[in-house]
Structures are given as structure tokens and as C-alpha cells.
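1. how would this look folded up:
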Amino acid sequence: MALLSTSAAYFRLALSLYMVLSLFTLLFAPAANALAYPPQQPLGEDLAGVQSLFNTLDDLANEADVSYATGPLTRSTPLETQQHLLSALRAMQEEYFVLWMGTWPTSIDWTAAVLGTHVAATLSSFTSSVSELDKAPPEEKSFTALENTINHFFSHTTTFYFGENAFSLRNQAYDDMLWVVLDWLENVKFQDLHSDLHYSSGGSSDNTTGEEWYGTQFRKSAAHRARIFWELASTGWDKTLCNGGMIWNPTLIPYKNAITNELYISASIAMYLYFPGDPIDAPFVATSTSNAPRKENPHNTTHLKAAVDAYAWLKNSNMTGIYGLYADGFHISGWQGSSNPGSQKCDVLNKMVFSYNQGVVLSGLRGLWLATGSKSYLDDGHDLISKILRATGWPQISSNKWAGLGRGGVMEDTCDSHASCSQDGQTFKGIFFHHLTEFCRHLRPQEESFLASKKAPDVDHDWDEVYRQHLKKCRSYGTWIAHNARAALMTRDEKGKFGMWWGLPFNRATVSDELVNSSTLPEGAVDYINDGATVDTKTSGPGVPRDFNDRGRGRTVETQSGGVAVLRALLQWQTSEEAS
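-> Below is the predicted model of the structure:
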């Protein structure tokens with residue numbers, strides 16, 4: 001009895017019995033009813049007619065082909081969204097991840113790093129949403145189901161550490177290296193968060209020993225890989241052309257593109273804020289020639305300076321195309337080699353717009369604000385988000401007119417409706433929503449400790465008020481996120497696998513060639529990533545709607561990660577609303 005009493009006290013933490021049963025059921029049963037919309041929330045001061053908007057959405061849902069839904073479309077609660085998110089993560093891992101290989105075999109090196117990031121970030125969402133969702137009295141709480149679920153998926157990330165093709169990635173493009181940095185720092189962030197919330201003496205659990213969560217023993221390994229790859233990638237910073245900026249690939253003609261520079265910003269500021277230090281001196285040391293263990297300290301100003309300089313360069317580079325969105329990148333006119341560098345200026349812009357180029361910089365801007373206290377970084381982020389929403393056609397949800405980055409308020413890459421997305425392109429929307437979620441999340445204990453230690457300099461404005469206004473603006477994006485979450489859920493098949501084309505109209509039987517081909521490249525744009533082919537739109541037969549997400553590469557682990565990311569964004573918004 002004493003043993004049982006001790007165990008009960010230890011595990012009484014954060015989930016109501018209802019939540020425990022729901023999570024446990026989802027580990028062994030299909031997902032629940034398809035998500036529709038959360039309770040009505042304001043769209044922002046410049047938008048009106050919220051109730052009319054939801055009425056229109058409900059009308060569209062009533063006309064929809066919901067053959068993949070298991071029940072009626074109703075407005076979701078945070079718990080229901082959490083169930084959908086867990087189901088999406090389970091499908092990603094059970095359908096695509098092979099434990100004994102320690103990886104997703106159908107992925108490629110860089111997309112696998114992104115998938116690892118999604119897993120760690122989703123675990124952070126689960127562990128941080130517990131107390132915000134729970135309203136039950138202490139005697140009805142248990143930690144067992146949550147901890148079992150988290151440990152189950154965390155074990156996948158530890159096996160991926162050994163399954164990741166780290167040696168090959170060391171010899172690839174700089175952006176490939178930086179995805180690795182973000183992955184393992186996200187892993188470190190989760191370890192610290194879970195331990196802070198539920199294990200350390202300052203956490204909310206009944207654990208009074210002050211011991212860290214067992215998973216934090218993996219912190220050193222994750223931090224070491226992050227440091228190695230940041231140091232390798234940082235050699236891509238180049239001032240001989242364009243007065244700065246990261247080169248995309250060290251072995252090809254110079255191309256200074258948005259994604260590599262945004263990754264360098266976000267990875268560098270993440271190293272400054274979250275890197276815990278690295279005592280490991282092997283294997284594959286990047287820069288050290290000493291036999292002494294590496295003792296890089298947290299909050300290294302080298303990382304901060306790299307992020308500040310890189311964003312200043314990007315902001316002043318004029319690397320923008322249609323609607324002020326980030327274009328793909330710059331070539332240097334006349335460049336024929338180092339002995340004949342041509343203009344040495346970034347003067348030939350490829351105006352191609354991809355969704356992930358609008359997202360990765362957002363996490364970097366949040367980090368720069370935390371590190372410097374400068375409100376301008378947040379302002380730049382919100383300005384970019386407002387442009388993104390307009391480019392998806394938001395809030396004109398009934399329109400099928402291409403708006404530059406989607407239509408009807410749903411985000412699309414140009415290749416989606418054509419079913420011509422490459423493996424790279426299938427990853428993009430998930431990356432965007434991951435970094436949007438990072439930009440808008442609440443402070444965590446580790447960040448609060450950083451600010452309290454006065455690592456960040458004093459500023460001449462009310463920091464708390466800036467933070468409050470930032471979260472208020474973030475909450476105004478919630479209905480757009482919910483709109484995209486439902487669009488994504490509509491693409492699931494009977495196994496819970498998400499498709500690529502979220503912008504597919506609800507009535508699948510009426511899709512026309514004109515609609516498929518209406519997503520067009522901006523003038524002066526070249527899509528280096530996707531093949532751009534037009535794919536047939538015929539239905540499966542008389543009266544049988546065709547599944548347009550089985551064309552091209554079909555449903556893949558990369559498209560699944562998009563569903564995970566947009567549901568995580570929705571869960572964060574809903575729990576943020578409940579906490580506000």
C-alpha cells in the first residue's frame with residue numbers, strides 16, 4: 001500500500017481522467033471525428049463579420065465530400081485537437097518510421113532532419129499543454145499515460161540520432177547542415193522543457209527529489225551534433241560577394257538564397273539561447289585542434305552576432321518578390337569563377353515564392369527579440385505574416401482565385417494543385433507552420449530564467465506590454481490556422497495519412513483543369529525544386545470523386561509532417577486562448 005501511495009503521489013500531475021483515457025485510446029484506436037473549427041475568436045481589428053465567416057465555413061462543410069471523416073464536422077475543443085495531433089503523429093511514426101533503422105527510410109537526409117524537428121516540437125506541445133488543458137481536481141489526475149506516450153516517441157528521436165546520415169550531411173549544402181542544427185536544438189529544448197515542467201524541484205509535479213527527467217542524459221549528444229553542424233555551416237558566410245550573406249552550396253556557382261540565410265539566422269540565435277554547452281571532443285570535431293574537451297558555453301555572443309548580422313543583411317538585400325514575400329534567391333551576374341566574379345553583386349533575383357521561405361525566419365525573429373529586447377524584430381515578423389495571409393487569399397475564403405501563395409485562405413505552394421511537388425516541395429508547408437508556431441508560443445521556464453538573469457540588455461520600452469501585444473496579434477491568426485487545419489484534415493485517407501493539396505475544393509467531383517492549372521509562378525520566377533508538370537484531373541469514374549492527393553508522389557512522410565505541424569499550430573492557439 002505504501003508503494004502504491006507513493007506512486008500515485010508521484011504520478012498525480014496534469015491530466016484529467018478524461019484526457020488520460022482519450023490519449024490512451026488514441027494509442028490503439030483510429031482518430032476521432034474530423035476537426036472543424038474552434039470557438040469563435042477575433043480575427044483582428046481590421047477584419048469584421050466573424051460570425052458570417054464561420055457560417056460560410058459551415059455551409060462549405062455541409063456541401064463537402066467527407067468520405068474520410070468518421071463523423072460530423074463540429075467546432076473542436078483543445079482536447080479534440082490534441083487527439084487529432086496525436087493521431088497524426090502516430091500515423092507519421094507507425095506508417096513511415098522504422099525503429100531498427102532509426103529513420104524514415106523514404107525520407108532524404110535533410111527532410112529526415114525536419115521530421116525529427118517535428119517530433120520533438122510536438123512532444124513539447126503535449127507536455128506544455130497539459131496544465132493548460134487540465135481542470136480536474138488533484139485526486140483525478142495521473143501522469144502515466146502522458147509519460148508513456150512521450151517516452152514512446154522520444155525513443156524514436158534517440159534512435160534517429162544514430163540512424164541519421166550525419167557523415168553524408170557534413171558534405172552537403174549549407175542549408176542541409178542547418179536543418180540538422182535546428183533538429184537537435186529542438187530536441188534539447190524539449191528535454192529541458194519536459195524536465196522543468198514535471199521533474200525538477202521548481203516544476204509543477206509532485207517530484208520533490210529535484211532530479212531531472214531521465215531523457216536529459218541525451219542532452220550532451222544532441223548539443224554536440226548541433227554545435228558541429230553550426231560550425232560547419234558557418235563557413236558559408238561570405239563577404240566577397242554581395243557584401244555578405246550565406247552561400248547555398250560550396251561546390252556550385254554562388255547562389256545566395258532566402259532559405260540558407262533564414263536558416264543561419266534561426267539556427268544561430270537558437271544556438272545563443274538554447275545551446276547548453278558541449279564537453280564532447282569526438283567524433284567529427286569541426287574546428288577544434290585541441291585535445292582538451294570542448295567547453296563552449298551557453299549564450300555565446302559569437303552566435304548572437306552571427307544572427308544579428310545575418311538578419312541585417314537579409315533585410316537589406318531586397319530579396320523580395322510578389323506581395324513583399326521572400327523570393328527564392330540571388331544570382332551574381334557575369335560570375336564565371338573566383339578569378340572572374342562578374343558584378344560581385346546580388347543583382348539577378350529568382351522571384352519564385354515558396355511557403356517555407358516565409359516561415360523559417362519567423363523563429364529567428366522571435367529569438368532575436370528575446371536576445372536583444374528590440375521590438376523591431378517582432379514587428380518585422382508580424383508584418384511578414386500579414387503579407388502571407390493576404391497571399392493565401394485570406395479572408396476571401398469562397399474565392400478560387402490564385403493569390404500568390406494559395407487561394408480561399410488556404411496555403412498552397414504552386415506545385416500542390418499540379419501534383420508536381422518534389423520531395424523537397426512536399427515538406428514546405430509543414431516547415432512554415434512549425435516556425436509560425438515557434439514565433440507565437442509563450443515563454444518557457446528556460447527562457448524566463450534567461451531573461452531574469454539579465455542576459456538580455458535593458459531596453460527603453462515596457463517589455464511586458466510588448467510581449468502582451470505580441471501574443472494578442474498571434475491570437476488574431478487563429479481562425480486562419482484553423483481554416484488551414486481543417487483543409488489539411490480533409491486530405492486524410494483511411495490510414496490517417498495527409499495529402500499535399502490542402503487547397504482542394506471540398507467538392508472533389510467538380511475539380512477542373514482550369515482550377516488545377518490556375519496556380520501560376522510569379523513573373524520572372526524559376527521553380528528549381530519542382531518539375532511543374534500538369535497532371536490529369538479526370539475522376540475515377542461516373543459519379544466517383546477522384547482522390548487528387550494520390551497523384552504525383554502521393555501521400556508521403558513529408559506530407560504527413562505538414563498535417564502534424566498545422567495541427568500543432570492550432571493546438572497552441574487554442575491553449576493560448578484558454579490561458580489568456
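2. Please make it C-alpha for all contacts and neighbour counts, starting now.
-> Noted.
3. Please report how far the residue lying closest to Phe218 once chain neighbours are set aside lies from Glu186.
-> Nearest-residue entry for Phe218: Thr158, 7.8 Å, with adjacent residues in sequence omitted and distances by Cα to Cα, 6 or more residues apart in numbering. In this view, Thr158 and Glu186 are 13 Å apart by Cα to Cα, to the nearest Å.
4. swap in Ser129?
-> The value you get for Ser129 to Glu186, if Cα to Cα is used, is 17 Å.
5. ok, the nearest residue to Gly215 once chain neighbours are set aside - contacts?
-> In this structure, Gly215 finds its nearest non-sequential neighbour in Gln191, 6.3 Å apart by Cα to Cα, 6+ apart. Applying Cα atoms under 8 Å, 6 or more residues apart in numbering, we find Gln191 in contact with 213, 215-216, 219.
6. Pretty sure Gln191 sits in a strand.
-> No. The assignment for Gln191 by DSSP: H, G, I helix; E, B strand; the rest coil gives helix, which leaves it out of any strand.
7. Just the pLDDT at it, thanks.
-> For Gln191, the pLDDT comes out at 97.
8. returning to what we had before: does the residue nearest to Phe218 belong to a helix, a strand or coil?
-> Local secondary structure at Thr158 is given as helix here, using three-state DSSP.
9. quick one: the strands in this protein?
-> Counting by DSSP state E, the chain has these strands, from start to end: 256-257, 329-332, 346-350, 406-407, 410-411.
10. so of these, which one's packed in deepest?
-> Mean neighbour counts were compared across the strands of the chain using mean count of other Cα atoms under 10 Å; the top stretch is strand 410-411, at a mean of 28.
11. Could you list every helix and strand in contact with that strand?
-> Packing partners of strand 410-411 (3 or more Cα pairs under 8 Å, 6 or more residues apart in numbering; DSSP states H and E): helix 478-489.
12. what's the helix it packs on packed up against?
-> Using 3+ Cα pairs under 8 Å, 6+ apart, helix 478-489 sits against strand 410-411, helix 557-579.
13. Give me the nearest residue to Ser266, chain neighbours excluded.
-> Going by Cα to Cα, 6+ apart, Ser266 has Gly364 as its nearest residue, at 3.9 Å.
14. possible to save the strands of the chain as CSV with mean pLDDT and distance to His198?
-> Formatted as CSV, the entries for the strands of the chain read as follows, by pLDDT from 0 to 100; distance: least, Cα to Cα, whole Å:
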stretch, mean pLDDT, distance to His198
strand 256-257, 96, 41
strand 329-332, 94, 44
strand 346-350, 93, 48
strand 406-407, 93, 41
strand 410-411, 96, 36
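15. between the ones you listed, which one is nearest to Arg170?
-> Shortest distance between Arg170 and the strands of the chain, using Cα to Cα, is found for strand 256-257: 19.5 Å.
16. Could you measure from the residue nearest the centre of the chain over to Arg227?
-> Among the residues of the chain, His434 comes closest to the average C-alpha position under Cα atoms, centre = their mean, at 1.4 Å. In this view, His434 and Arg227 are 22 Å apart by Cα to Cα.
17. need the contact list for Gly406.
-> Gly406 makes contact with 391-393, 412-414, 503, 519, according to Cα under 8 Å, 6+ apart.
18. go on, Ala306?
-> 265, 268-269.
19. Out of those residues, grab the one that's most surrounded.
-> Neighbour counts for the contacts of Ala306 (other Cα atoms under 10 Å) peak at Ile265, which has 33 neighbours.
20. list the contacts for that residue?
-> Each residue near Ile265 by Cα under 8 Å, 6+ apart is listed here: 306-308, 310-311, 361, 364.
21. what about Lys305, how many neighbours?
-> 15.
22. ok, back up a step: most widely separated two among the contacts of Ile265?
-> Longest distance between any two of the contacts of Ile265 is 14.0 Å, between Ala306 and Val361; criterion Cα to Cα.
23. Next, the contact list for the closest residue to Ile322 other than its chain neighbours, please.
-> The shortest distance from Ile322 to any non-neighbouring residue, by Cα to Cα, 6+ apart, is to Pro522 (6.8 Å). Counting by Cα under 8 Å, 6+ apart, Pro522 touches 322, 351-353, 404.
24. So which of these sit within helices?
-> When the contacts of Pro522 are checked against helices using DSSP state H, none is located there.
25. can the residues you listed go into JSON lines with extra columns for neighbour count?
-> As requested, the contacts of Pro522 are exported to JSON lines (neighbours: other Cα atoms under 10 Å):
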{"residue": "Ile322", "neighbour count": "19"}
{"residue": "Lys351", "neighbour count": "23"}
{"residue": "Met352", "neighbour count": "22"}
{"residue": "Val353", "neighbour count": "26"}
{"residue": "Gly404", "neighbour count": "24"}
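26. what's the most distant pair in these?
-> Across the contacts of Pro522, the longest distance by Cα to Cα is 11.5 Å; it joins Lys351 and Gly404.
27. Mutual contacts of those two, please.
-> If you check Lys351 and Gly404 against Cα under 8 Å, 6+ apart, the residues they both contact are 322, 522.
28. wait, which of the strands of the chain is closest to Ser476?
-> Closest to Ser476 of these, according to Cα to Cα: strand 410-411, at 16.1 Å.
29. Might you quantify the distance of that closest one from its chain's geometric centre?
-> For strand 410-411, the gap between its own C-alpha mean and the chain's C-alpha mean amounts to 15 Å (Cα atoms, centre = their mean, to the nearest Å).
30. Tell me who's in contact with the closest residue to Ser561 other than its chain neighbours.
-> Distances taken as Cα to Cα, 6+ apart place Gly430 nearest to Ser561, at 5.8 Å, with adjacent residues excluded. Contacts of Gly430 were listed using Cα under 8 Å, 6+ apart, and they are 356, 559, 561-566.
31. For the nearest residue to Ala226 once chain neighbours are set aside, which residues are in contact?
-> If you skip the residues right next to it in sequence, Ala226 has Val181 as its closest partner in space, 4.3 Å away by Cα to Cα, 6+ apart. Applying Cα under 8 Å, 6+ apart, one finds that Val181 lies in contact with 225-227, 229-230, 267.
32. Most widely separated two among these?
-> So for those, where distance means Cα to Cα, the most widely separated pair is Arg225 and Ala267, at 12.7 Å.
33. More neighbours: which of those two?
-> When neighbours are counted by other Cα under 10 Å, Arg225 and Ala267 differ, and Ala267 comes out ahead with 30 against 22.
34. Distance of the more buried one relative to Val564?
-> 22 Å.
35. Could I get the buried residue list for stretch 518-535?
-> Taking 16 or more other Cα atoms under 10 Å as the basis for neighbour counts, the residues of stretch 518-535 that come out buried are 518-522, 525-527, 530, 532, 535.
36. next one: stretch 366-374
-> For stretch 366-374, the neighbour count (16+ other Cα under 10 Å) marks 366-374 as buried.
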